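1. mind folding the following:
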Amino acid sequence: MSNMLTTTSPAGLELIEAISRHLAEPEWASAHRKEAWSRFLQAPTPSRTHEHWRRTDISHLDLENITPRLPSEYRALPEWLEAVIRRGARRIGGTLAFVDGTLVHEHVTDSLRKKGVIFTSWSQAIQRHPDLVRRAIENVDYDPADEKFTAMARAYATGGTVLIVPRGTEVTLPLQTFFAASEAQAVFPHTLVILEEDSRVTLLDGMFSPDSSTRAFGSGVADLILGDGSELTYVLFQQWGQGMEYFHHQRAVLGRDSHLTTITVALGASLSKATIESVLCSSGAVSDMLGVVFGDDKQHFDHHTVQLHTVGNTTSDLLFKVALDEASYSAYSGLIRIEPGAQKANAYQRNENLVLSSTAHAETLPNLEIEANDVRCTHGATVAPVDIEQMFYLMSRGMAPRDAKRLIVEGFLQPVLDRIPAKSLREMVSAKVDEKIAHRRF
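-> Next comes the predicted model:
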């Protein structure tokens, strides 16, 4: 696979300033980019001596020389992406689509606008709702383990979604965003979701690119902020093409009595590493963290989850399912941390791995850090091949071995996919998973 070439002539601070000028950003937004750029330069490139990066080799990446393409005035909507949008359009409250950071499609229903919901691109949100966006990004947190990548993403972000749901508003139809990358591009998606008190919404964040023999790169961030009593279902659907190396950091901060459900679906990319974090910092907060990974060929997946309970009377529940075929690899590490004084916290974590070939490999590393004495915390993990008894049962009823294995894989992953509440999104995501499974020979 050949190396990715940069696609812009300016670099470094000059490029940061060019992006800000191109997007007509106010001074505070430009200053935010420059601060992120400074952090990026100061942060060391992670090495495999760091526990968080021990299972993913990035020594081939020259991060300082990877730059995005400046957004264009117009870029066509790919036919395949248009088909995906069209398939679920009648049951969707709004859709945004970006190609290489440029907004190419925007549709928001009148009912959504009348409710005062803000669902727009990052650049438009900064222009139209500067105070709301500014307050949110001024409080962003940089995880030291991922700082190099999150700072890079914030400095170079050219496309992404801002969703703000007003107090007491329930969005009944799901919303969806799609971020597509063309061949050999560096992309930096940024999603900001703010739910005010007692609001409800479901959002799918979809990421796609064509397969390529040339390396592409992506680093994205998602900031999820839940007000008191709010409820968010957030589906991260990753189907980058072969050649993409993608790094993602998702951080959710939960208010009192709020409820977050995150569903991570990872099917694509040659290399994909993601950190998914829920911070339960107010009493009554509930976080359900779900994941589906299906790998084949030589795909490399590395997922790290964090269930951070900073106060008591909070609940988190995690189920991460991984199926691997051919020479694919998955590393899952999960941390449950209960801070001092977080009494009555309740946390559960389970990672299940189904290994379909002798050359596939899964690692699972659950971890507990408990500094309170009146809590309930449990975790579990399994790594296993296909159950021979299940295969025998299906084959004894006339099913071919290939079809039997496919049915077992679908049944293994489906319990997580069934948790997607919106039927239109659930059907679309399930169809994409089934499509990848169907292409396997087993």
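2. for the rest of this, base every contact and every neighbour count on C-alpha atoms.
-> Fine.
3. what about the protein, which residue is the most distant from its middle?
-> Most distant residue from the mean C-alpha position of the chain: residue 396, 40.5 Å away (CA atoms, centre = their mean).
4. now it: how far from residue 43?
-> Here residue 396 is placed at a distance of 58 Å from residue 43 (CA to CA, to the nearest Å).
5. also residue 84?
-> Distance, residue 84 to residue 43, by CA to CA: 39 Å.
6. next: residue 385.
-> The gap separating residue 385 from residue 43 is 40 Å, by CA to CA.
7. how about residue 40, secondary structure?
-> Secondary structure for residue 40, judged by DSSP: H, G, I helix; E, B strand; the rest coil, is helix.
8. I figured it hits residue 146, correct?
-> No: look at residue 40 against residue 146 with CA atoms under 8 Å: they stay out of range, at 10.3 Å.
9. now do the same for the most centrally placed residue in the chain: its pLDDT.
-> Closest residue to the average C-alpha location of the chain: residue 236 at 4.2 Å, with CA atoms, centre = their mean. Residue 236 is assigned a predicted lDDT (pLDDT) of 98.
10. return the list of strands paired to the helix or strand containing it, each annotated with direction.
-> Taking DSSP states H and E as the criterion, residue 236 maps to strand 231-239. Strand 231-239 has its sheet partners listed here by DSSP bridges as strand 200-208 (parallel), strand 259-266 (parallel).
11. can these go into JSON lines with extra columns for mean neighbour count and mean pLDDT?
-> What follows is the strands paired with strand 231-239, written out as JSON lines (neighbours: other CA atoms under 10 Å; pLDDT from 0 to 100):
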{"stretch": "strand 200-208", "mean neighbour count": "22", "mean pLDDT": "96"}
{"stretch": "strand 259-266", "mean neighbour count": "24", "mean pLDDT": "98"}
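12. export these as CSV, with columns for distance to residue 192.
-> As requested, the strands paired with strand 231-239 are exported to CSV (distance: least, CA to CA, whole Å):
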stretch, distance to residue 192
strand 200-208, 11
strand 259-266, 14
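13. before we move on, the earlier item: which SSE is immediately downstream of the strand holding residue 236?
-> Note on strand 231-239: by DSSP H and E, the next helix or strand toward the C-terminus is strand 244-254.
14. looking at this structure, which helix or strand does the model trust least?
-> Using mean pLDDT, DSSP states H and E, the weakest-scoring helix or strand in the chain turns out to be helix 79-88, at a mean of 80.
15. the residue nearest to the centre of the chain and residue 205 touch, don't they?
-> Yes: because the distance of 4.9 Å satisfies CA under 8 Å, residue 236 is recorded as touching residue 205.
16. that older thread, of residue 84 and residue 43, who's got more company?
-> Taking neighbours as other CA atoms under 10 Å, residue 84 and residue 43 compare with residue 43 leading, 16 against 12.
17. does the more buried one touch residue 147 like I think?
-> Yes: counting by CA under 8 Å, residue 147 is a contact partner of residue 43 at 6.5 Å.
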